[in-house]
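1. requesting a structural model of the entry that follows:
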Amino acid sequence: MVSIRLCAALVIPGALGAIINLPAAIIGTYNVSFLMGAAPTTFVQSLLPESYRNSLIRPNESIYPGLAADSHPIVFELGREANAGPPLLNFISFEEAKIQIPYVARIGSSPTKPFLYKRHIMVDNAINVAGSWISFGLNTTLNTFTPANSSNSPSYNYKVEGVLKANIQPATSGLIPVESFKGAAGLPWFAEFVTCAQHIYNFTNPIERVSGTVELMQGVTIPVEGIHTVASFKIVGALGCDLYL
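-> Predicted structure coming up:
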């Protein structure tokens, strides 16, 4: 795993297109709701490291129509990963929820290049808690989920004990374009290390629009829109963040 990353870092010329063609560090399949909603900018800033609280990039109207002047998006991913792990060792399945801040200018990178900051990852598999930190610097915790296996659930509702509760229903339409959810999910991302990574999703399966609310333990309830799908993916990284420009 380490040797693959080091070699990749030496040979990549710095073009984002080349990132897609790099070997995967992690692969898997995600049965997931990708959700996005707006929260007061001051609350969003409180979820960022102090050095990044003035680094938000406002998405344009085509990405997030009607975004209020004093608001910024938050992205949630709620679902179950299956057959996940390094290639040839991808045998782990687990529940996972993510709280993320999109459209953040990473310090040291272009002020107009959007990244995704991964604030909190919740899983029900202890192996992933240590592995996520060691490999990517992700703030990952071991949590209890309802349902325990969301792939088998007849509902898209989702709860992580002590962290969040999502009430999600199918929707026939929405204000946010479907491509905006795909785009946010595929942004290069960073966490607590100086390296970055990127999820590359294969959105070939049917996509269903959803909407609802996500209630956070801080007492903030966020109206959300989103998509639900089953998508295979690979993670490229962790690598130097300049390679994702």
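2. from A185, how far off is N60?
-> 18 Å (CB to CB, to the nearest Å). C-beta here means a position set from N, CA and C on the backbone, and glycine is covered the same way.
3. excluding sequence neighbours, find me the nearest residue to N205.
-> The shortest distance from N205 to any non-neighbouring residue, by CB to CB, 6 or more residues apart in numbering, is to V230 (4.9 Å).
4. quick one on the thing from earlier: more neighbours, N60 and A185?
-> Counted by other CB atoms under 10 Å, N60 and A185 do not tie: A185 has more neighbours, with 25 against 10.
5. from what I see, the more buried one and L35 are in contact.
-> No - assessed by CB atoms under 8 Å, A185 is found out of contact with L35, at 10.3 Å.
6. find residues that contact each of these two.
-> V75, E77 (CB atoms under 8 Å, 6 or more residues apart in numbering).
7. for the residue nearest to N205, give its distance to L78.
-> For V230 relative to L78 (CB to CB), the value is 13 Å.
8. more crowded one of those two?
-> Per other CB under 10 Å, whichever of V230 and L78 has more neighbours is L78, with 28 against 18.
9. ok, for that one, nearest residue in space, not its chain neighbours?
-> L78 sits nearest to Y158 (CB to CB, 6+ apart), 4.3 Å away.
10. phi, psi for that neighbour please.
-> phi -150, psi 140 (degrees, to the nearest 10).
11. cool, and F136?
-> Residue torsions, per degrees, to the nearest 10, at F136 are phi -130, psi 0.
12. tell me the contacts of it?
-> By CB under 8 Å, 6+ apart, the neighbours of F136 are A191, F193, T195, A197, G237, A238.
13. also E81?
-> G28, T29, Y30, N31, I92, S93, F94, E96.
14. and I127, helix, strand or coil?
-> helix (DSSP: H, G, I helix; E, B strand; the rest coil).
15. and it, how many neighbours?
-> 12.
16. residues touching it, list them.
-> I92.
17. flag the shaky bits of this structure, pLDDT-wise.
-> 1-17 (pLDDT under 70).
18. ok, the longest strand anywhere in it: who's next to it in the sheet?
-> Using DSSP state E to define each element, the chain has its longest strand at strand 221-240. Its sheet considered, strand 221-240 pairs with strand 26-40 (antiparallel), strand 195-202 (antiparallel), strand 208-216 (antiparallel) by DSSP bridges.
19. buried residues, it. List them.
-> Neighbour-count burial for strand 221-240 flags 222, 224-239 (criterion: 16 or more other CB atoms under 10 Å).
20. cool, stretch 138-147 as well?
-> In stretch 138-147, counting by 16+ other CB under 10 Å, buried: L138, T140, N143, F145.
21. would you map the helices across this protein?
-> Assigned by DSSP state H, the chain shows helices spanning 2-11, 16-20, 41-46, 126-136, 178-185.
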